[in-house]
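K.L.:
model this:
(chains A and B)
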There are 2 protein chains.
Amino acid sequence: MSPAVSGLLTVLGFLLLLLGGSPCSSSKILVVPVDGSHWVNMKVILEELHSRGHELTVLRSAKSWYISSNSSFYTSINVPMLEDEADREFYHKMIQDVLDCRRHPSFIRTFCQQEVMTFAFSNGHRILARAATTIIEDQALMKKIRDTEFDLMLTDPALPLGVVLGGYLKLPMVFNVRWINLGEGHLTIAPSPLSYVPISGTELHDKMDFLDRVKNMLHYLHTVVEQHFIVNPAYSDLFRRYFPPGTDLLSLQYSAEIWLLRADFVFEFPRPTMPNVVYIGGFQCKEAQPLPDEFETFVQSSGEHGVVVMSLGTLVSALPRETTEAIAAVFAQLPQKVIWRFVGEKPSSLGNNTRIVNWLPQNDLLGHPKTRAFVAHGGTNGVYEAIYHGVPVLGLPLLFDQFDNLLRLEVRGAARVVEVRSLNKENFHEALNDILNNPTYRNNIQRLSQLHRDRLISPLETAIFWIEYVIRNRGAAHLQSRGFDLPWYSYFCLDVAAFFVTISGAFIWVSVSVCRFLCCRKSRRKTKAE
Amino acid sequence: MSPAVSGLLTVLGFLLLLLGGSPCSSSKILVVPVDGSHWVNMKVILEELHSRGHELTVLRSAKSWYISSNSSFYTSINVPMLEDEADREFYHKMIQDVLDCRRHPSFIRTFCQQEVMTFAFSNGHRILARAATTIIEDQALMKKIRDTEFDLMLTDPALPLGVVLGGYLKLPMVFNVRWINLGEGHLTIAPSPLSYVPISGTELHDKMDFLDRVKNMLHYLHTVVEQHFIVNPAYSDLFRRYFPPGTDLLSLQYSAEIWLLRADFVFEFPRPTMPNVVYIGGFQCKEAQPLPDEFETFVQSSGEHGVVVMSLGTLVSALPRETTEAIAAVFAQLPQKVIWRFVGEKPSSLGNNTRIVNWLPQNDLLGHPKTRAFVAHGGTNGVYEAIYHGVPVLGLPLLFDQFDNLLRLEVRGAARVVEVRSLNKENFHEALNDILNNPTYRNNIQRLSQLHRDRLISPLETAIFWIEYVIRNRGAAHLQSRGFDLPWYSYFCLDVAAFFVTISGAFIWVSVSVCRFLCCRKSRRKTKAE
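P.N.:
Reported below is the predicted structural model:
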């Protein structure tokens, strides 16, 4: 069968499945998203849910960056959120602090970065707890929400406002998740042996030597301490006042029915998982559409050399001046054309081959046959688009998970990484040349692309199925582990171990006592006999 | 959309997916199955693979019970196997020994049963190792197999002959698995916290009290001891002679690309899992076909009361005489009709409403609208058919996993269990009446049925997809955990813990020494001053 016919049949099959399979009548879904790049992918799911007839209500901040109040596919309610108190300056300051951390030797700098994050988010959690309290105390709003009789809370738990509200309203919850509290989602839900599961932010991979494992353990302990002394206390007052005794953030998170995890093991290191974790990594990716005319003309003008695409994501619009000058100068020397998403003062060294734009159709450019390389900050969305379209990456990580993301591509031979702090013309030129002219990178990422695309059901369809599954079956309790009901010492069987140690100790003590008693008696008899 | 139209579209969708999706050209697959009930479900996968154009070669024993040498969908090669030396008497003896164990109090009897199994299988592993050696040393056979250039080894690792041969031939392996070595498949591949993951054979569920956890830990230690002192030594000579240094049974099992696990969390307790574990529980179930005429007439004659179906599976054909008499007498009192798969001397108390048969179309009977209850031994195949068709179960467990299987239905309120050892007219009658007349059991198993059937892709289609995935992509190494490369003390980070303890100890020692030195100097000065 020719690939075209086969492809057509597959598409037809999916369409029929969509129409016929697992019917789920229209439902009311309450959505608490996270702004920024997180919204970019939540929106993809919401559009799909809307097209399937579900009614969506989105809680957003009046100062939201991306989540508009008017939409054709959802209605919105303004509530207090993190964005009311944390603006972009907050993130620019964080980037500066992280760049400062990068001057430390590698063993130290990840701890420095973790401290930066902890400091930033400790404030964030206090703001969120205040916001949740305000919302819960707004009786008119609560009545409106209760009267709507929502079937589901769909939320991104990276910021736990939705988790708290879902728990308060006793709604079944589905998470669209990659991060939770201060670590990667799995760390909360699945066993994570520290010997081969790197804690997020450590910049370690799954093959660790002894020192790596020491570092990983220290980062883990750091995370546990943060959870107990920074995250939990921020919400304790709220939970004491409005929730049943014993509630904490973890118990609410454990109660989620399904965790739609934005990961794929083509990218993520293999690790233990749980039955209610569903992998949807790359669900936002789609086949490239034709480029707008001005882009297509520019791309075609590159001839056989093709184009390089550069973008540093939604959050970050500016690099240090000397860095952008170096980048522009290297681009100017390339035989390729360059499309650079750039906001700020135009670099003086910009070449004729480089076009600076405010916005670019990233997915369509990455899917264009003339695209040779992607210079990127390593945000999850961009990394999955690069994998989907099989374009090798030159990474300039700045913040959050970007270091870890790019490391995952690097160990698979699909990317090179340049430190922004030490970027100069020479090292950027060497790395970019390597990516463009050494076919290994392209071959490797195209193998990842092939594996990533080889699935029966698309990740987006999978996500929609599980959201509707929870609505249809009123939860998925049969997939939730009973381990979360146990206190930590029972979970780790420490009580059983203590029992065994006591029994063994008692046995040894009795044996020794009996021996001693018998020996004494024998020697006393001997003495008497003498 | 009406359910009929929706159903039709779904079926059409699957058909098109089957035709169009993930094309995989014809491949050569070497199959090493396990005989008995394990073959019943392996055969379902083989028929499907054959219909998709794959060439199958099955290794079987010349004395095989179920695996015929002539088949329209595979070619077979006779090799030495367990069946050459272990006949049905072997299993009947085991059942007697297990029934003897059942007289002990509940805390003791599972250990007694584990001992029975250990004894039986220690001999089995020695037979298997001898068989593997004979096969490997048969140069003509090895040449024939090598010359065929197989793409894949598909095997059921409950008996590890296929694992050993797959490892020796360096073929990518896919497991069709529920049991491995001496425990449930997960115990080998995924982290299994003993606080909520019951070890197979313990008859515990996932809510354990302290004593349950002690028992679970003891069973686990028993399993570890068995693995190291009984299973591994059986193969050590074989591995030393024909495999690279360091090879053992576990390392070969870890190397399997995909574990098609015959489990579904509707039935199995939720527990940690791994990325290369794919759940196919119930893949052998299918919609009921019309019954053969003689069965249909009999079933229809039951009127509004319906029928009870009884079968004790492929392995077991006989219960103690007094037990079958009691069962027949209770059946005789029922207003229902009874179809009983029975081999042996006809009970004298048999009623007119009971028909005894050598063979019955179990799936079609369970799917018949007049079927009210299933009296079963609790083998995995039958349990999944009961779930699929939503028929409540009265369990009479005899061997292996049957006690654990029925417990899982029992805690979900979908079954009652009667001990065969203490079965009499009164308790069998009470339990059967309860199953037939209390609607809770039917409601509960129909809820399980609804959840089990609610999936986008059927378990059989899932199994085929992953087998072809491994062939197409020449493995699935990206789904295999790196944890298995580590020695056990590193896996559990005991080396890191020892390092931390040493560092802390040294720090305390230095601090105490310094304090003591300073104190001494101070007191000496004081003495001098005096």
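K.L.:
need the contact list for residue A:367.
P.N.:
The neighbours of residue A:367, taking CB atoms under 8 Å, 6 or more residues apart in numbering or on different chains as the test, are A:287-288, A:388-389. (Each C-beta comes from the backbone N, C-alpha and C, glycine too.)
K.L.:
ok, it to residue A:387 distance?
P.N.:
As judged by CB to CB, to the nearest Å, residue A:367 and residue A:387 stand 12 Å apart.
K.L.:
which outside residues touch the helix or strand hosting residue A:221?
P.N.:
Residue A:221 is part of helix A:210-226 when elements are defined by DSSP states H and E. With contact meaning CB under 8 Å, 6+ apart, helix A:210-226 is reached by A:107, A:110-111, A:114, A:118, A:181-183, A:187, A:194-195, A:198-199, A:201-202, A:204, A:208, B:490, B:493, B:495-496, B:499-500.
K.L.:
Buried members of those into ChimeraX, please.
P.N.:
Remark: buried members of these, expressed as a ChimeraX selection using 16 or more other CB atoms under 10 Å in any protein chain shown:
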select /A:110,111,114,118,181,182,183,187,194,195,198,199,201,202,204,208 /B:490,493,495,496,499
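K.L.:
quick one, helices of the stretch 201-350 of chain A?
P.N.:
For the stretch 201-350 of chain A, the helices defined by DSSP state H, counting those that start in this stretch occupy A:210-226, A:232-242, A:249-254, A:293-300, A:321-333.
K.L.:
Turn those helices into TSV, columns for mean pLDDT.
P.N.:
Formatted as TSV, the helices of the stretch 201-350 of chain A follow (pLDDT from 0 to 100):
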stretch	mean pLDDT
helix A:210-226	92
helix A:232-242	95
helix A:249-254	94
helix A:293-300	93
helix A:321-333	92
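K.L.:
As TSV, those with mean neighbour count would be great.
P.N.:
TSV is the format used below for the helices of the stretch 201-350 of chain A (neighbours: other CB atoms under 10 Å in any protein chain shown):
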stretch	mean neighbour count
helix A:210-226	18
helix A:232-242	16
helix A:249-254	19
helix A:293-300	14
helix A:321-333	19
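K.L.:
Distance to residue B:299 for those - can I get that in TSV?
P.N.:
As requested, the helices of the stretch 201-350 of chain A are exported to TSV (distance: least, CB to CB, whole Å):
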stretch	distance to residue B:299
helix A:210-226	61
helix A:232-242	57
helix A:249-254	47
helix A:293-300	68
helix A:321-333	78
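K.L.:
With residue B:150 as the reference, name the closest of the ones you listed.
P.N.:
Closest approach to residue B:150 among the helices of the stretch 201-350 of chain A is made by helix A:210-226 (38.6 Å; CB to CB).
K.L.:
Distance from the chain centre to the closest one, please.
P.N.:
With CA atoms, centre = their mean, to the nearest Å as the basis, helix A:210-226 stands 19 Å off its chain's centre.
K.L.:
thinking again about what came up before, among the contacts of residue A:367, which are in reach of chain B?
P.N.:
Near chain B, judged by CB under 8 Å from any CB of the partner chain, there are no entries from the contacts of residue A:367.
K.L.:
Check those for burial and list the buried ones.
P.N.:
Among the contacts of residue A:367, those classed as buried by 16+ other CB under 10 Å are A:288, A:388-389.
K.L.:
Quick check: the gap between the closest residue to residue A:109 other than its chain neighbours and residue B:161.
P.N.:
Residue nearest to residue A:109 in three dimensions, not counting chain neighbours: residue A:101, with 4.9 Å by CB to CB, 6 or more residues apart in numbering or on different chains. Distance, residue A:101 to residue B:161, using CB to CB: 55 Å.
K.L.:
These two: which is more packed in?
P.N.:
Neighbours per residue (other CB atoms under 10 Å in any protein chain shown) separate residue A:101 from residue B:161, with residue B:161 holding more: 25 against 18.
K.L.:
I'd like the distance between the more buried one and residue B:302.
P.N.:
45 Å.
K.L.:
thinking again about what came up before, now, the contacts of helix A:210-226 that are in strands?
P.N.:
Mapping these onto strands (DSSP state E) picks out residue A:183.
K.L.:
got the CA positions of stretch A:80-92 in CSV?
P.N.:
Taking Å, rounded to 0.1, in the frame of the first residue of the first chain, the C-alpha atoms of stretch A:80-92 are listed here in CSV:
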residue,chain,number,x,y,z
PRO,A,80,-7.0,37.3,41.6
MET,A,81,-4.0,35.3,40.4
LEU,A,82,-0.2,35.4,40.5
GLU,A,83,-0.1,37.7,37.5
ASP,A,84,-1.7,40.5,39.6
GLU,A,85,1.4,40.8,41.6
ALA,A,86,4.2,39.2,39.5
ASP,A,87,5.0,41.0,36.3
ARG,A,88,7.6,40.3,33.6
GLU,A,89,10.2,42.2,35.5
PHE,A,90,9.9,39.4,38.1
TYR,A,91,11.1,36.9,35.4
HIS,A,92,13.7,39.1,33.9
